[in-house]
Every structure is written in structure tokens, then in C-alpha cells.
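Undergrad: got a structure for you, letters missing:
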């Protein structure tokens, strides 16, 4: 129970930091820095660039040289400094540099907290969802605080960066108190395979994992529309306290996290992942049909579906990856799937979503959101069809040894 509490606290702070500034980022940039849709998408792209570097940072360092909790602490201290500076900039260019450096430090920590958690669990498939839900609680608390303090309506969203910086600094210090999680390969001479993360890439030799990897990349293209523009959409259609309403998605996430072990056991990996992708398409359709008046219930239902979208794909995918990868490359494998989702997929999605949102800008400065949301809905349907036709839930294939 003591270890469970310590891991839960780690996950709470990890996602509190992310939710404290990322949810309202689009609105902050549009209102306070007068950014365009393409610039907003470019700011969210910093997440993807950080995620692309994550497998190399985590795979080389955490799997080979230094204990994971120490790397986690150092990266969060760096992230805290850059987040604080980002909120003090008055031009998009300066903000982008600070945000990019913050995300390069932060994104590898997503794989690190997973790796630390999995290494301390006897049965990650059963135990991880119960600990991971505290990460969701952290995101909820951040959103509710923003709504309660009225920072959106009062145009004080620069304060979200101060809150995020404080949370990141707290986790940076706390990480050094966590139990030692040494690398599997400590004392071994690093090879070219280690530096390039090729052992984790070898997982893609399996058809089942390759299809899962490709689907992870593709489904994150429509996901970028949600991350980048939902808060701006809610504020534009007149929803008061939008960040608070968005926490409905995290409340549902908690419920489905608790049900995840049962879902995986009863439905299997393929059907669980497919439900998550189908929920993405449905969410965007609900956003397209809803409004802030008589059809607000549709918007709320779309927000609640976030729990299905996230848990049934991201969390289930993390568990599937941990089950599939050999012990010696599990940290690198978690970094690899972060690269596929938060890296390559969201990078493409950010490059696509910004110009599309700009294309539907009206003369009064608002957007034709119904047209905007139907595009990612169609993309999610296409990805789901590809996945259901191509994925086979095969047994894990052995990763080649360094001598092979």
C-alpha cells in the first residue's frame, strides 16, 4: 500500500503539470498573444518534437546508464524553469522557444513514470490502471482550479504556467525520494543498437505490433484537433468555465481505468483498442452537432467520451506494449509508443489541423466549427477500418539478441 501511494502521488503530479497549462493553451495563445490557428498548432507541435526525442533519451539513458527516478527528477526541474519563463513572454516566437524546451524535458517523463510503475508491480495489467487513475485526478484538479479561479474569463491564463511550473518543481524534488529503479543494462557496454533504440524497433518485426504502431500514429492525427482546439471551440460558442467542463472527460477516464483490467480480459486487445478509436469519431460528430444552448448535452457527451477514447487506446496500448516487450527493452518500448502517438501522430495532426481551422475562420473572428469537427471524425473512421482489417492479436515475437 505504501508503494501504491507513492506511485499514485507521482502520477498525480505528472498529469497535474500537463493539465495545468496544456488544456487552455489554444485559448491563451489566441486571446493573449493573438495567435493564428496555424501558430496555435505550431505551439502544440512542441509536444510532438519532445515525444520524438523521448525514445532516445529514455531508451539510452534509463535502460542503460542512470536510475529512472533520477532522470525523472532532473527533467522535471528543467521543465519547471522553462514553463515559468514561457508564461512571461509577450511574443509568439519567444513563447515557442520556451515551450519547446519545456516539452523536450517533459515528454520523456511520460515513459519514465510508466517504466517506474511497471517495475514496481507484480501484475501491471491488473495494478497499473488503479495507480494511473491518480494521474487523471491530477489533470482534473488542474482544470477545476483554472475554472474556479476564473482565469479564462478574466484573461489571466498566463498564471497557468506558474501553476504548472510549481507542480513540475514539486515532482522534480519528489522523484529523488522514490525507490531506486536501476537500468536493466547497468554495467554493460552500450552498443549501436542501444544508442539508436534498435532493440525496441525490433518489436515492429511482428505483424501485430507493427499494425498497432501504425494505427497509433494515424489515430493521433484526428486527436490533434481535440487537444489543440477544444478549449478554443468551447470558449467561442459561449461555454462559461470551459476548462472545468473539460474535466468531465477525466472523470469518465477514472471510471474506465478502473474497468480496464476487466475490459482487456473480456474483450481482448483488439476490440478494446477498436472501441477507443470508434469513440473518437463519435465524439467529433457530437461536437459538430452540439452548441452552448439547447444542444449543449451533445457537447457534454462528447467531452465524457474522452474517457473511452483515452483509456481504451492509450492506456490499453501501454499495457499491451509492456506485455509484448522483453524486460530489457521495456523502457525503450514505452518511449517508442510515445513517439508513435505524442510524437509522429500528433506532429502530423498539428500540421494538418492548424490550416484546416484557419480555412474555416469567419469574418467575425469565430470559426465554422461544425465543418471543422467533421473532418477528424471522418479520419478516425478510416483508421478504425484499417485497424479492424489488419490487426491480429498474435503472441509476442522474441526480440533479437544483440549478437543476432
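TA: Great, that's in hand. Nothing here was measured: the structure is a model prediction, and the numbers come from that model.

Undergrad: The residue positioned nearest the centre of the chain: what's it in contact with?
TA: Centroid-nearest residue in the chain, with Cα atoms, centre = their mean: residue 342, separated by 6.0 Å. Contact partners of residue 342, counting by Cβ atoms under 8 Å, 6 or more residues apart in numbering, are 47-48, 50-51, 54, 107, 110, 220. Placement of C-beta: from N, CA and C, glycine included.

Undergrad: let's go with 6 Å and repeat that
TA: By Cβ atoms under 6 Å, 6 or more residues apart in numbering, residue 342 lies in contact with 47, 51.

Undergrad: One more: residue 139?
TA: Contacts of residue 139 (Cβ under 6 Å, 6+ apart): 15, 19, 250.

Undergrad: I figured the second one hits residue 140, correct?
TA: This points to residue 19. No. With contacts counted by Cβ atoms under 6 Å, residue 19 stays clear of residue 140, the gap being 7.6 Å.

Undergrad: Just want to know which of these two has more residues nearby.
TA: residue 19 (29 against 23; other Cβ atoms under 10 Å).

Undergrad: For the more buried one, which three-state class applies?
TA: Judged by DSSP: H, G, I helix; E, B strand; the rest coil, the three-state class of residue 19 is helix.

Undergrad: ok, back up a step: tell me the least confident of the contacts of residue 139?
TA: Lowest in pLDDT among the contacts of residue 139 is residue 250, which has 80.

Undergrad: so how many other residues sit close to that residue?
TA: 26.

Undergrad: how near is the closest residue to it other than its chain neighbours to residue 247?
TA: Of all residues not flanking residue 250 in the chain, residue 140 sits nearest, at 4.3 Å (Cβ to Cβ, 6 or more residues apart in numbering). For residue 140, the distance to residue 247 (Cβ to Cβ, to the nearest Å) stands at 5 Å.

Undergrad: Please apply the same query to residue 283.
TA: Relative to residue 247, and taking Cβ to Cβ, residue 283 is found at 16 Å.

Undergrad: Residue 81 too?
TA: 27 Å.

Undergrad: And these two? Which one has more around it.
TA: residue 247 (26 against 17).

Undergrad: For the residue nearest to the more buried one when sequence neighbours are not counted, list the residues it contacts.
TA: Excluding its sequence neighbours, the residue lying closest to residue 247 (Cβ to Cβ, 6+ apart) is residue 143, at 4.0 Å. Residue 143 makes contacts with 19, 23, 243-244, 246-247, as judged by Cβ under 6 Å, 6+ apart.

Undergrad: Can you tell me which of the residues you listed end up in helices?
TA: Among the contacts of residue 143, the members found in helices (DSSP state H) are 19, 243-244, 246-247.

Undergrad: Pick out the most distant pair among those.
TA: Maximum pairwise distance among these (Cβ to Cβ): 11.8 Å, between 19 and 244.

Undergrad: C-terminal to the least confident helix or strand in the chain by mean pLDDT, what's the next element?
TA: Of the helices and strands making up the chain, the lowest-confidence element is helix 192-196, at a mean of 53, by mean pLDDT, DSSP states H and E. Heading C-terminal from helix 192-196, the first helix or strand you meet, by DSSP states H and E, is helix 198-201.

Undergrad: Could you point out the helix or strand that follows that following helix?
TA: Counting by DSSP H and E, the next helix or strand C-terminal to helix 198-201 is helix 207-236.

Undergrad: average model confidence for that following helix?
TA: 91.

Undergrad: got it, and stretch 39-46?
TA: According to the model, stretch 39-46 has a mean pLDDT of 89.

Undergrad: for stretch 383-403, same thing?
TA: 68.

Undergrad: what do you get for stretch 327-346?
TA: Per-residue scores along stretch 327-346 average to 77.

Undergrad: Spatially nearest residue to residue 370 (excluding sequence neighbours)?
TA: By the measure of Cβ to Cβ, 6+ apart, the closest residue to residue 370 outside its immediate chain neighbours is residue 288, 4.6 Å from it.

Undergrad: residue contacts, the one you found?
TA: Counting by Cβ under 6 Å, 6+ apart, residue 288 has contacts 370, 373-374.

Undergrad: Now intersect those with the strands, please.
TA: Judged by DSSP state E, those include no members of strands.

Undergrad: Can you say which of the residues you listed are buried?
TA: Taking 16 or more other Cβ atoms under 10 Å as the criterion, what is buried in those is residue 373.

Undergrad: Between the contacts of residue 288, which sits nearest residue 357?
TA: Distances from residue 357 to the contacts of residue 288, taken by Cβ to Cβ, are shortest for residue 373, at 10.3 Å.

Undergrad: in terms of contact, does the closest one touch residue 284 like I think?
TA: Yes. Residue 373 lies in contact with residue 284 (Cβ under 6 Å); the separation is 4.5 Å.

Undergrad: Flag the shaky bits of the stretch 251-400 of the chain, pLDDT-wise.
TA: 331, 335, 394-400 (pLDDT under 70).

Undergrad: what about the helices in the stretch 301-404 of the chain?
TA: Counting by DSSP state H, counting those that start in this stretch, the stretch 301-404 of the chain has helices at residues 306-310, 316-324, 330-338, 346-359, 369-390.

Undergrad: Quick one: residues in contact with the first one.
TA: Going back to what we said before, that points to helix 306-310. Defining contact as Cβ under 6 Å, 6+ apart, one finds that helix 306-310 is touched by 249, 252-253, 256, 276, 279-280.

Undergrad: mind running it again at 7 Å?
TA: 249, 252-253, 255-256, 275-276, 279-280, 283 (Cβ atoms under 7 Å, 6 or more residues apart in numbering).

Undergrad: Show me the residues you listed that map onto helices.
TA: If you go by DSSP H, those have 249, 252-253, 255-256, 275-276, 279-280, 283 in helices.

Undergrad: Would you point out the most distant pair within the residues you listed?
TA: The most distant members of the ones in helices among the contacts of helix 306-310, if one measures by Cβ to Cβ, are 255 and 280, lying 17.9 Å apart.

Undergrad: Those two: who's more crowded?
TA: Of the pair residue 255 and residue 280, residue 280 is the one with more neighbours under other Cβ under 10 Å, namely 29 against 14.

Undergrad: Can you name the residues that contact the spatially closest residue to the more buried one that is not a sequence neighbour?
TA: The shortest distance from residue 280 to any non-neighbouring residue, by Cβ to Cβ, 6+ apart, is to residue 380 (4.2 Å). Contact partners of residue 380, counting by Cβ under 7 Å, 6+ apart, are 219, 222, 277, 280-281, 284.
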